[in-house]
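**Student:** Pasted the sequence and its predicted model underneath.
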Amino acid sequence: MKILFLGDVMGRAGRRAITENLPRLRSAWKLDFVVVNGENATSGMGLSASHAKVLLEAGADVLTLGDHAFDQKDMLAFAEQESRIVRPLNFSRSAPGKGARLYKTQTGKRVLVTQALGQVFMKRPFDDPFSALDAVFKTHPLGGMANAIIVDFHCEATSEKMAMGHWCDGRASLVVGTHTHVPTSDAMILPAGTAYLTDAGMCGDYNSVIGMEKAEPLRRFITGMPKDRFTPANDAATLSGVYVETDDKTGRATRIVPVRQGGKLQQSGP
């Protein structure tokens, strides 16, 4: 199976990176399944229903969220109505939507998509992500109920992401980090067959401070005093993520390649 995962969509530039590049890549690379983390697509804070529809129409099969999952209030209802939305698994138990869903590709293959939030350096505590994912793996074993399993691990600390990757090794096809908006260069296949990348990066304008216009973040770092609201940068947009190929019988990864298309970063892909 050919799978593309795209990192955090950041504001208007991020949406543009998806709409301008994903339809072409979906066709050219003959992709079977596409997952997009869309949690910053609306003004850099959350994802609205209308912007979710834009990303889905551009070619995403599933949209994952994150710690800003419900910053846009219409997502509270939309997450219940739209089965292609996956919110964090270890969010509040009263949160709408689901944190793990099983999907069928056009060729009949079954793909499980799940997302968990990390605990280290996050602004508020979430339930244990390891035990939450363990329950999902037990009911959906790789190569059994699911031909492929994709884990979006949304957290701050690289050590926690790496620990999750090794803990999931052999139980998931791909473990990929999101949230920090900076792509890492450690794409690899772990010993038991799980593809791993610490962070997929963001889809957005990299002439910025993690997607935001530079002036206000710089002011706060230098003076310690806020003046204006953060505003998403909106120049050249880079699409950033990771491409993975898996064995349909075992679900194990056979190839992983970082993806950078358009904008400022060096071009790459399969």
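**Tutor:** Everything's here; your move.
**Student:** can you give me the strands in the stretch 1-150 of the chain?
**Tutor:** Per DSSP state E, counting those that start in this stretch, the stretch 1-150 of the chain carries strands over the ranges 2-6, 8-9, 33-37, 62-64, 85-86, 100-104, 110-117, 148-154.
**Student:** can you check the stretch 151-270 of the chain too?
**Tutor:** Using DSSP E, counting those that start in this stretch, strands in the stretch 151-270 of the chain cover 174-178, 188-189, 195-197, 202-203, 239-246, 253-261.
**Student:** Can you find the helix or strand of the chain with the lowest average pLDDT?
**Tutor:** helix 215-223 (a mean of 92; mean pLDDT, DSSP states H and E).
**Student:** And that helix, what does it pack against?
**Tutor:** On a contact count with 3 or more CB pairs under 8 Å, 6 or more residues apart in numbering; DSSP states H and E, helix 215-223 meets no helix or strand. Where you see a C-beta, it was placed from the backbone N, CA and C, and this is true even at glycine.
**Student:** Distance from the chain centre to that helix, please.
**Tutor:** Here helix 215-223 is found 28 Å from its chain centre; the criterion is CA atoms, centre = their mean, to the nearest Å.
**Student:** Can you report how many residues lie near Ser27?
**Tutor:** By other CB atoms under 10 Å, 10 other residues sit near Ser27.
**Student:** That one and Lys2, how far apart?
**Tutor:** For Ser27, the distance to Lys2 equals 12 Å [CB to CB, to the nearest Å].
**Student:** How about Leu31?
**Tutor:** Leu31 is 5 Å from Lys2, by CB to CB.
**Student:** For stretch 103-117, could you pull out the residues that count as buried?
**Tutor:** Across stretch 103-117, burial judged by 16 or more other CB atoms under 10 Å covers Tyr103, Thr105, Lys109, Arg110, Val111, Leu112, Val113, Thr114, Gln115, Ala116, Leu117.
**Student:** Any idea how far apart the tips of it sit?
**Tutor:** 21 Å (CA to CA, to the nearest Å).
**Student:** Give me the average confidence score over that stretch.
**Tutor:** Averaging pLDDT along stretch 103-117 gives 96.
**Student:** pLDDT score for Arg124?
**Tutor:** So, for Arg124, pLDDT stands at 75.
**Student:** shaky segments in the stretch 151-270 of the chain?
**Tutor:** Regions of the stretch 151-270 of the chain meeting the criterion pLDDT under 70 are absent.
**Student:** gap between Asp134 and Met164?
**Tutor:** Asp134 is 11 Å from Met164, where distance means CB to CB.
**Student:** Looking at those two, which is more packed in?
**Tutor:** Met164 (23 against 13).
**Student:** who's in contact with the closest residue to the more buried one other than its chain neighbours?
**Tutor:** Once flanking residues are discounted, Met164 sits nearest to Phe153: 4.9 Å by CB to CB, 6 or more residues apart in numbering. By CB atoms under 8 Å, 6 or more residues apart in numbering, the contact set of Phe153 is Gln115, Ala116, Gly118, Pro129, Glu160, Lys161, Met164, Gly165, Val175, Val176, Gly177, Thr178.
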